[in-house]
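K.L.:
Return a 3D structure for these sequence lines:
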Amino acid sequence: MGAKLGGSGGGRFDLGQNSDMNVTPFVDVMLVLLIIFMIAIPPAMVSIKLDLPPAKPPPPNAPVKQPILIDIQAGGGIFIGDRGTSLATLSADLSRTLTADDPTLPPTQQRVYIRADKRVRYGDFMVVMNTLQGNGFYQVALINEEL
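P.N.:
You can find the predicted model right below:
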């Protein structure tokens, strides 16, 4: 058994000075403040009254409208449904197809679906998208494969 009797040198059990900040009181104060604010502030209870129209089921024998698809193939082929077209005549052919499908709406306000082969370059796809938007077709939806 031994004891240190004096001297300024570091000994075997000398802890030295601890210069780290003690954060335990800080954490305690923050937790107390958190609890006070959780109790004092009421939860946000905002309700908005909406008057939605009632849902109407479609008539029993109503035909289901098939979407108009634009297919872009890797070789550069563009198809509207099963008919081929080119980039120069895409908007005219699409307008003709949409007018024949639903004559009550203008062609530029009907939804068009685009499906592209996975090997199609992004630039080629964007040329088709820009051509459609340049001719006023903004109701464009994209179709992708499910993995």
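K.L.:
All the strands of this protein, in order from the start?
P.N.:
For the chain, strands defined by DSSP state E occupy the ranges 68-72, 78-80, 83-85, 112-116, 140-143.
K.L.:
Output the contacting helices and strands for the last one.
P.N.:
The reference is to strand 140-143. Packing contacts for strand 140-143, counted by 3 or more Cβ pairs under 8 Å, 6 or more residues apart in numbering; DSSP states H and E, involve strand 112-116, helix 122-134. C-beta coordinates here come from the backbone N, C-alpha and C atoms, glycine included.
K.L.:
before we move on, back to that, so which of the strands of the chain gets nearest Ala55?
P.N.:
strand 140-143 (22.5 Å; Cβ to Cβ).
K.L.:
to the chain's geometric centre, what's the distance from the closest one?
P.N.:
Here strand 140-143 is found 14 Å from its chain centre; the criterion is Cα atoms, centre = their mean, to the nearest Å.
K.L.:
which residues touch that strand?
P.N.:
Residues outside strand 140-143 that contact it (Cβ atoms under 8 Å, 6 or more residues apart in numbering): 69, 111-115, 129, 132-133.
K.L.:
Pull out the C-alpha coordinates of that strand and format them as CSV.
P.N.:
Provided in CSV are the C-alpha atoms of strand 140-143 (Å, rounded to 0.1, in the frame of the first residue of the first chain):
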residue,chain,number,x,y,z
VAL,A,140,-48.5,14.9,-71.3
ALA,A,141,-48.1,11.9,-69.0
LEU,A,142,-45.2,9.5,-68.9
ILE,A,143,-45.5,5.7,-68.7
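K.L.:
ok, that strand: who's next to it in the sheet?
P.N.:
strand 112-116 (parallel) (DSSP bridges).
K.L.:
average pLDDT across the partner strand?
P.N.:
For strand 112-116, the mean pLDDT works out to 92.
K.L.:
what angle do it and helix 122-134 make?
P.N.:
With axes from the mean of the first three to the mean of the last three Cα atoms, to 10 degrees defining the directions, strand 112-116 sits at 170 degrees from helix 122-134.
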